[in-house]
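Visitor: Test case, fold it:
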Amino acid sequence: MGVYAAIVSLNQTMKRIFESESESKNLLSLSEISERSILGELYSVVDTMAELPSSKIVDAAAYERRVIDALLTFQHLIDSHFSDRDHDDISFTLSLSQQLEIVKDEITSFLTATSLNTNDNDQQQICSSRYSSSASSSDYNTWNQEQNLLVGLVDQIRALKKWIFDPNSYDLVKSVLGMTGIGKTSLVKQFYNDPLVIEEFETRLFLHIGPDYTRSVDIMLRVLDELGVVIPSDKLDDKDCLQKQLSEALSSQNCLIVLDDVWAADIDLILQGFPENRKGSLIIIISQIQRFHDYIYTDKFIILPFLNDDDSWKLLHQTAFSNREEKCSRELEKIGKKIAKNCEGLPAAIIQVGENLRGKTFEEWKTLSEKEDPLVITRYDDTPLSKALFFSYMMLPWCAKPLFLYMGVFPKHYGISRSKLIKLWVSEGFLDTRPGIEEIAGNALDLLIRQSVVLREKHASVNSYRFKNCRLHFTFRSLCVSEAKSEKFFHILKKYTDCTPENIRRQQRLCVHNNVVLAFTQVHEWMESVPNVRSLLCFGPKQQYPVSLPLCFRLLKVLDALAIRFYEFPHQLLALVHLMYLSITCDRELPNSISTLWNLEVLIFTRHHNIKLSNNGPIYLPIDIWNMHKLKQLYCKGFDLPPPLDDCHLESLLTVSGVSVHSCTMEVLSRIPKLTRIAVQIESAHDSTETFSFFGHLASVYEEFVSFKFVVVNPNLSSQIVRSVPNFPMNIKKISLSGCGLPWENMEVIAALPNLRVLKLRWYAFCGPLWKTSTGQFPSLEFLLLEDLDIENLEFDIQSLRWVIVRHCYKLENISNQFKYTKLLEIDDCSPSFMKKMREWQSFSGAEAKISSSITDL
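Guide: Residues are numbered from 1 along each chain as shown. From the prediction side, this is the model:
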């Protein structure tokens with residue numbers, strides 16, 4: 001999982017123990033052992049891994065694995081000792097010292113094995129040895145192009161030709177981007193070898209760059225060498241000289257330069273080396289590295305899409321039936337289309353599967369179609385695809401590898417919530433605890449997306465360059481699962497045989513993808529025999545009836561059991577003092593002793609049925625919730641925070657969700673000083689309008705606020721639920737309202753907020769036929785959602801607005817100014833006449849628009 005993550009986890013364990021007054025008096029010797037004797041040496045392993053050239057990363061991974069194993073045993077000794085109330089300090093110190101020596105020995109072995117000769121840094125040696133020592137991400141694409149199996153990319157080839165032959169095109173550089181195996185190199189090679197392209201350019205260069213070229217001067221040297229320009233040895237690092245030489249070379253001829261397999265983190269840095277004075281010369285960059293705005297502004301970038309189902313089957317058919325005389329029956333075609341669909345549109349995977357199916361029987365095709373994945377990817381496979389995928393994984397920064405591997409804990413096709421993933425990463429200890437850690441974790445996820453190993457899905461409204469959901473392609477997920485199992489990082493329990501002792505022994509995390517296996521007594525016994533489990537994640541389908549869950553893991557840090565139903569709160573949980581993340585569904589209330597889980601940072605507590613009777617008052621969380629001082633995230637639908645005791649504060653709490661207005665009194669809010677997000681839900685039949693005074697409390701307590709969400713469930717559509725909109729915190733960024741029944745005249749309070757960037761209005765949030773804004777209102781608004789409203793006419797002019805979604809507004813007929821500043825517009829299921837107008841607007845506006853209807857294809 002990466003030695004860096006193991007070090008961070010050890011540091012966090014030590015920090016938690018030192019913060020426990022009952023244990024800290026015995027820890028002076030432990031502090032000296034861990035911090036003075038080992039951490040410095042461990043960071044030398046981190047530094048070494050970071051400095052290794054790509055050609056040696058794979059070989060070094062085996063030695064790094066041995067350091068990690070020894071370190072995990074070291075940490076396990078610490079955790080076990082302080083989880084055992086009858087621990088023996090003397091024997092513990094002896095065992096810890098012995099294990100410390102083992103860790104040191106493994107560190108020495110690692111540093112010896114990875115020591116580099118200074119001559120290895122010579123660029124000429126790197127250039128000459130690169131291709132034989134590393135599995136390039138373009139290997140599979142090269143083979144694919146040679147087989148002439150390029151399908152589904154006609155539009156992309158047309159776009160490249162238009163770029164070259166359009167006299168009005170002034171872009172000098174075009175990037176072709178996408179994940180490993182999607183056909184980037186194949187596409188560009190077909191374009192590169194097109195007779196019209198050959199005729200257009202005097203000179204063409206197709207250069208494989210690879211991950212060792214990260215500086216513009218190195219790339220310029222490579223290009224100049226191919227152009228036959230000799231550079232004096234004393235000028236090899238002289239950027240100005242190289243730029244002059246390259247400018248002269250490109251000014252004397254019309255040249256097409258293709259830079260394949262570019263791994264630089266910032267592509268723009270590479271392009272700085274190319275001069276502006278080009279005589280019709282053009283550059284194409286092929287890379288996995290993406291930037292967030294590439295997804296929205298694609299004029300300078302071609303991001304290759306996955307194949308649709310028809311093209312996937314076409315490619316599979318071409319590969320599996322290379323002999324034209326072979327016939328494909330209708331039954332086989334039906335099965336084959338299912339297999340092709342399971343490849344999730346990745347050409348390299350489809351070709352590999354087609355090769356495997358060539359000459360196979362009908363029963364073998366059928367067997368493959370019934371498997372979860374058509375391919376199993378491991379680091380030991382000798383196929384070009386597996387090598388390229390593993391190389392992409394190994395090229396991740398050392399601190400990002402455990403974050404990527406962890407994403408394999410989620411089931412296939414699981415839409416991974418960005419916010420949930422970040423909470424789990426932080427709770428697992430992959431990132432060092434510090435202020436703003438959630439932002440750091442978010443940047444790490446963005447890095448994985450930019451590296452094309454994680455697929456982005458739904459845009460985030462606050463930041464259009466970020467995404468709310470993400471997922472793994474099945475090929476990368478398969479690699480994550482196999483790597484994690486071999487490294488004892490996590491293990492998936494989906495069927496009975498997955499739960500045997502030989503499969504789960506020494507695993508750090510158990511992930512249940514089929515909750516039915518928990519019904520077997522034998523499975524419980526096997527799981528209970530694994531004492532070092534740190535995480536138990538239950539992502540199987542939600543259970544209607546309770547299922548027993550083993551909770552004997554004394555070292556457990558993360559328990560996600562939201563899919564498991566408990567009738568009673570499992571009191572065994574209260575002994576799991578290391579818990580940092582707890583997500584549970586229970587039909588009863590939290591116990592008063594919940595504060596014994598003093599390390600808890602995330603608490604998600606829901607009920608299987610949330611039925612509220614008309615005569616019921618608020619249901620409060622236990623008063624001891626105010627003693628959980630590390631709590632950062634609280635999700636408790638149907639429950640409220642009780643009035644606090646004297647001098648009690650939740651000083652770390654950032655997010656509260658699922659509460660009613662009874663949690664929004666001045667008495668409560670004033671005791672949560674760092675609160676930045678709150679989601680309030682009420683039943684209109686059970687809450688009087690007087691309770692809405694809490695709106696004003698937010699403004700009086702908080703100056704800075706990120707997000708406010710307010711939902712009225714089952715609103716009375718014949719009357720106004722909320723009498724007026726009071727003041728919000730002036731610096732609030734996001735407001736979501738639903739069911740309030742406000743007249744549009746009350747929007748002026750919200751429109752005056754200077755830093756509001758996101759406004760979401762759903763289901764009767766505002767009512768009335770006309771919404772009209774004035775000049776200067778909404779000065780910072782970038783995202784607007786209108787859903788299930790009765791509005792008929794919309795008149796506004798918001799220059800900062802970039803993204804608009806209008807959904808299920810069936811009475812809407814007219815919008816003035818036609819969203820003239822909007823870059824992205826989504827219209828879903830509105831009136832046919834309005835949708836027709838929007839299509840006409842799209843044809844001449846140039847903005848990106850998505851117009852869809854469930855009734856007819858517009």
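Visitor: From now on I want contacts and neighbour counts done on CA atoms only, so please keep to that.
Guide: Will do.
Visitor: could you point out which element follows the one helix or strand residue 761 maps to?
Guide: Here residue 761, judged by DSSP states H and E, is contained in strand 758-762. Moving toward the C-terminus from strand 758-762, the next helix or strand (DSSP H and E) is strand 766-767.
Visitor: Return the residues in contact with residue 645.
Guide: Shown in contact with residue 645 (C-alpha atoms under 8 Å, 6 or more residues apart in numbering): 623, 626.
Visitor: Identify the residues contacting residue 596.
Guide: Applying C-alpha under 8 Å, 6+ apart to residue 596 gives the contacts 574, 575, 577.
Visitor: Which residue is the nearest non-sequential neighbour of the second one?
Guide: Meaning residue 575. The spatial neighbour of residue 575 that comes closest, neighbours along the chain excluded (C-alpha to C-alpha, 6 or more residues apart in numbering), is residue 554 at 7.3 Å.
Visitor: again, but for the last one
Guide: Once flanking residues are discounted, residue 577 sits nearest to residue 597: 5.1 Å by C-alpha to C-alpha, 6+ apart.
Visitor: Can you pull the phi/psi pair for the one you found?
Guide: phi -80, psi 70 (degrees, to the nearest 10).
Visitor: Look up the pLDDT of it for me, please.
Guide: With respect to pLDDT, residue 597 scores 93.
Visitor: so it makes contact with residue 574?
Guide: Yes: here residue 597 reaches residue 574: they are 6.3 Å apart, a contact under C-alpha atoms under 8 Å.
Visitor: between those two, who's got more neighbours?
Guide: A direct count of neighbours by other C-alpha atoms under 10 Å for residue 597 and residue 574 places residue 597 higher, at 20 against 16.
Visitor: any idea how far that one lies from residue 603?
Guide: 10 Å (C-alpha to C-alpha, to the nearest Å).
Visitor: Confirm residue 582 sits in a strand?
Guide: Yes: according to DSSP: H, G, I helix; E, B strand; the rest coil, residue 582 belongs to a strand.
Visitor: So residue 283 versus residue 606, what's the distance?
Guide: Counting by C-alpha to C-alpha, the gap from residue 283 to residue 606 is 55 Å.
Visitor: So these two - more neighbours on which side?
Guide: residue 606 (22 against 18).
Visitor: Need the phi and psi values for the more buried one.
Guide: Dihedral angles for residue 606 - degrees, to the nearest 10 - are phi -130, psi 160.
Visitor: I'd guessed it sits against residue 584; true?
Guide: Yes: in this structure residue 606 lies within contact range of residue 584 using C-alpha under 8 Å: 6.5 Å.
Visitor: Which neighbours do the two have in common?
Guide: residue 562.
Visitor: if I read this right, residue 653 contacts residue 677, doesn't it?
Guide: No: with contacts counted by C-alpha under 8 Å, residue 653 stays clear of residue 677, the gap being 9.6 Å.
Visitor: Please say which of the two ends up with more neighbours.
Guide: Legend: neighbour count by other C-alpha under 10 Å for residue 653 and residue 677, higher for residue 653 (23 against 18).
Visitor: Enumerate every residue touching that one.
Guide: Residue 653 neighbours (C-alpha under 8 Å, 6+ apart): 629, 630, 631, 632, 633, 634, 672, 673, 674, 675.
Visitor: Helices of the stretch 651-800 of the chain, start to end?
Guide: 666-669, 694-701, 747-751 (DSSP state H, counting those that start in this stretch).
Visitor: Lowest mean pLDDT across those helices, which one is that?
Guide: helix 694-701 (a mean of 72).
Visitor: Buried residues in stretch 656-674, which are they?
Guide: Going by neighbour count (16 or more other C-alpha atoms under 10 Å), the buried part of stretch 656-674 is 656-665, 668-674.
Visitor: returning to that earlier point: sort out for me which of the contacts of residue 653 are in strands.
Guide: Mapping the contacts of residue 653 onto strands (DSSP state E) picks out 633, 634.
Visitor: Quick check: the two most widely separated of the contacts of residue 653?
Guide: Using C-alpha to C-alpha, the two most remote members of those are 634 and 673, lying 14.6 Å apart.
Visitor: Lowest mean pLDDT among the helices and strands of this protein, which one is it?
Guide: helix 123-133 (a mean of 34; mean pLDDT, DSSP states H and E).
Visitor: tell me the average confidence for stretch 810-817?
Guide: For stretch 810-817, mean pLDDT rounds to 79.
Visitor: buried stuff in it?
Guide: Quick answer for stretch 810-817 (16+ other C-alpha under 10 Å): 810, 811, 812, 813, 814, 815.
Visitor: Any figure for the gap between the residue nearest to residue 575 and residue 605?
Guide: Residue 554 is 21 Å from residue 605, by C-alpha to C-alpha.
Visitor: so how many other residues sit close to residue 262?
Guide: Using other C-alpha under 10 Å, residue 262 has 22 other residues around it.
Visitor: try residue 428
Guide: 23.
Visitor: again with residue 770
Guide: Other residues close to residue 770 by other C-alpha under 10 Å number 17.
Visitor: out of the contacts of residue 653, which are buried?
Guide: 629, 630, 631, 632, 633, 634, 672, 673, 674, 675.
Visitor: now, which of those sits nearest residue 95?
Guide: So of those, ranked by how close each gets to residue 95 (C-alpha to C-alpha), first place is residue 630, at 31.3 Å.
Visitor: got the contact list for that closest one?
Guide: With C-alpha under 8 Å, 6+ apart, residue 630 has these contacts: 598, 599, 600, 601, 650, 651, 652, 653.
Visitor: Same question for residue 307.
Guide: 152, 344, 345, 346, 347.
Visitor: Widest-spaced pair of those residues?
Guide: 152 and 344 (13.8 Å).
Visitor: Residue 603 contacts residue 625, correct?
Guide: No: Residue 603 is not in contact with residue 625 according to C-alpha under 8 Å; the separation is 10.5 Å.
Visitor: Those two: who's more crowded?
Guide: Neighbours per residue (other C-alpha under 10 Å) separate residue 603 from residue 625, with residue 625 holding more: 22 against 19.
Visitor: check contacts around the closest residue to that one other than its chain neighbours.
Guide: Leaving aside its sequence neighbours, residue 625 sits nearest to residue 595 (C-alpha to C-alpha, 6+ apart; 6.1 Å). For residue 595, the contacting residues are 624, 625, 627, 628, by C-alpha under 8 Å, 6+ apart.
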